[in-house]
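**Q** what's the 3D shape of this:
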Amino acid sequence: MKNSFFLILLSIFISLPFFAKSPDRQYGDSGWKIDSTRFDVRFPAMKEWAKAGVEGGIPSKNAVRIVKRIAPTDNLQLAIDNIAKTPAVLLLAEGEYVISNMIRLRSGIILRGVNKNTVILSIKVRGQHQHFSNTAHQSALLLENVVGVGIENLTIKYTDAPFDPNDRDSFSAAWTEDVYHKREMRDTTLVVEHINMIKAKNCWVQDCNLLWSGTDPIRISASEHITCRRNLIDRCYNKADFGMGYYNITNSSYVLICNETIKRIRHFAIQNGSKYNVVINNYLEVDINFHNGDAGFNLIENNRVRIPTWHSWGPISVGDSRQHQPPGKGNVLLNNSFQDKSAKILYSEKDRVYFMTTDWTSKRVINSDIYLKKSLYPIH
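**A** Numbering: from 1, shown residues only. Presented below is the predicted three-dimensional model:
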């Protein structure tokens, strides 16, 4: 266990130089402005990409007052419900907070730990997959119809199973069918998302560890102006067929995903009408997947993707033509470093613009003749 944790830290350290920006100013901060001088008529979506993320940026640490401090012995849901004046920070002391029932976040509440490694939300919620039972999936933290909610500086980990998720520690382990294509049958009640956003706006997750999720570590649906940054996402129990184990952006717009480390889940998925989302400066050991009928015009820039030999997809993937819709038009890839499981580099020529295909062909990515020596994310 100690060796595994060391390897996680080492992989983050190695990947940092690729995407790190100035430590005192990072994407998603307040203070960034749209730089209209960088707009390019060939890419009209730049005007929309510039709007991605929380509007006005995530509030700085001291911008919102701490109104309540709680300890693991306190009732987290009650503490959230009792904060009448928002925006407000609910500060969590060190320790393990056992979550046996779904926690519903309220507008304006920022849930912040004092230390992301020692403030642990220990998830013991139970849920079954709706395809195999009459019950709906479950969530640990629900952000539904809320505005201005933040989750910061803590660890969320599923802890109610006596066994590890089925995956591999070694990057070069052999592929086997069971990891991604057979259901988790040791316990079928672990189908629980860590964070579920539904019709949320101007919400964010930053500086968190999202570990061993029951299924999706993050699900962002029918939402807009969301920022997720500097989080470690690693492992999930349910990542087999039937839509489990996604970092899931569905039917959502103006989502900013930056400086994330994402490992040992099924897909990073953009799908179902999602549009004008920006995925920039991330490190992934899973595929970026235009999974099912996104609405196009999503930007994938300056990401590093390394696919383990035991993963079932290439660095850039699409859904299955027998059951999914193809990608939308105008999805752009720029200055990424994509490596498949054979260590082959794909779609990674510096400054060259690539586009996702919009129909079911063997060629998933189109090489354009356009070269850019600038970012398509036009902020300064």
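**Q** roughly how far apart are residue 349 and residue 250?
**A** When distance is defined by CB to CB, to the nearest Å, residue 349 is 31 Å away from residue 250. Where C-beta positions appear, they are placed from N, C-alpha and C, glycine not excepted.
**Q** Among the two, which residue is more densely surrounded?
**A** residue 250 (22 against 13; other CB atoms under 10 Å).
**Q** what's near enough to touch that one?
**A** Residues counted as contacts of residue 250 (CB atoms under 8 Å, 6 or more residues apart in numbering) are 219, 220, 221, 222, 269, 271, 272, 273, 274.
**Q** again, only using 6 Å
**A** 221, 271, 272 (CB atoms under 6 Å, 6 or more residues apart in numbering).
**Q** most surrounded residue in those residues?
**A** Neighbour max across these (other CB under 10 Å) = residue 271, 27 neighbours.
**Q** Got the phi and psi for it?
**A** For residue 271, the backbone dihedrals (degrees, to the nearest 10) come out as phi -160, psi 180.
**Q** I'd like the mean pLDDT over stretch 136-145, please.
**A** For stretch 136-145, the mean pLDDT works out to 92.
**Q** in it, what's buried?
**A** For stretch 136-145, the neighbour count (16 or more other CB atoms under 10 Å) marks 137, 138, 139, 140, 141, 142, 143 as buried.
**Q** Which two among those residues are spaced furthest apart?
**A** Pairwise distances across the buried residues of stretch 136-145 peak at 15.4 Å for 137 and 143 (criterion: CB to CB).
**Q** In TSV: the contacts of residue 250, plus pLDDT and distance to residue 306.
**A** Listed next are the contacts of residue 250 as TSV, based on pLDDT from 0 to 100; distance: CB to CB, whole Å:
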residue	pLDDT	distance to residue 306
221	98	28
271	97	23
272	97	27
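**Q** if we can go back for a sec, helices - which of the buried residues of stretch 136-145 land there?
**A** Here DSSP state H is the test, and the buried residues of stretch 136-145 give no hits in helices at all.
**Q** Looking at those, which one is closest to residue 183?
**A** For the buried residues of stretch 136-145, the residue nearest residue 183 by CB to CB is residue 137; the value is 14.0 Å.
**Q** right, and that closest one touches residue 127 too?
**A** Yes. Here residue 137 reaches residue 127: they are 5.2 Å apart, a contact under CB atoms under 6 Å.
**Q** any residues in contact with both of these two?
**A** Counting by CB under 6 Å, 6+ apart, the residues touching both residue 137 and residue 127 are residue 191.
**Q** just checking, next helix/strand downstream of the least confident helix or strand in the chain by mean pLDDT?
**A** Across the helices and strands of the chain, mean confidence by mean pLDDT, DSSP states H and E is lowest for helix 2-19: a mean of 40. Scanning forward in sequence from helix 2-19 by DSSP states H and E, the next helix or strand is helix 46-49.
**Q** That following helix - contacts with which helices or strands?
**A** Here helix 46-49 touches no other helix or strand, going by 3 or more CB pairs under 6 Å, 6 or more residues apart in numbering; DSSP states H and E.
**Q** contacts for it?
**A** 39, 276, 278, 299, 376, 377, 378.
**Q** Identify the residues contacting the third one.
**A** Residue 278 makes contact with 49, 52, 256, 299, 377 under the criterion CB under 6 Å, 6+ apart.
**Q** What is the nearest of these to residue 133?
**A** Once CB to CB is applied, the member of the contacts of residue 278 that ends up nearest residue 133 is residue 256, at 35.1 Å.
**Q** what secondary structure does that closest one sit in?
**A** strand (DSSP: H, G, I helix; E, B strand; the rest coil).
**Q** pretty sure it contacts residue 53?
**A** Yes. With contact defined as CB under 6 Å, residue 256 reaches residue 53; the gap is 3.3 Å.
**Q** who's the residue most central in space within the chain bridged to?
**A** The residue lying closest to the centre of the chain (CA atoms, centre = their mean) is residue 247, at 4.6 Å. Going by DSSP bridges, residue 247 is paired in beta bridges with residue 218, residue 268.
**Q** I'd say it and residue 267 touch.
**A** No. Between residue 247 and residue 267 there is no contact under CB under 6 Å: 7.2 Å.
**Q** Quick one, grab the pLDDT at residue 363.
**A** The per-residue pLDDT of residue 363 was computed as 87.
**Q** Which residue is the nearest non-sequential neighbour of it?
**A** Among residues not flanking residue 363 along the chain, residue 357 sits closest, at 5.9 Å (CB to CB, 6 or more residues apart in numbering).
**Q** Please list all residues in contact with that neighbour.
**A** 363, 364, 366.
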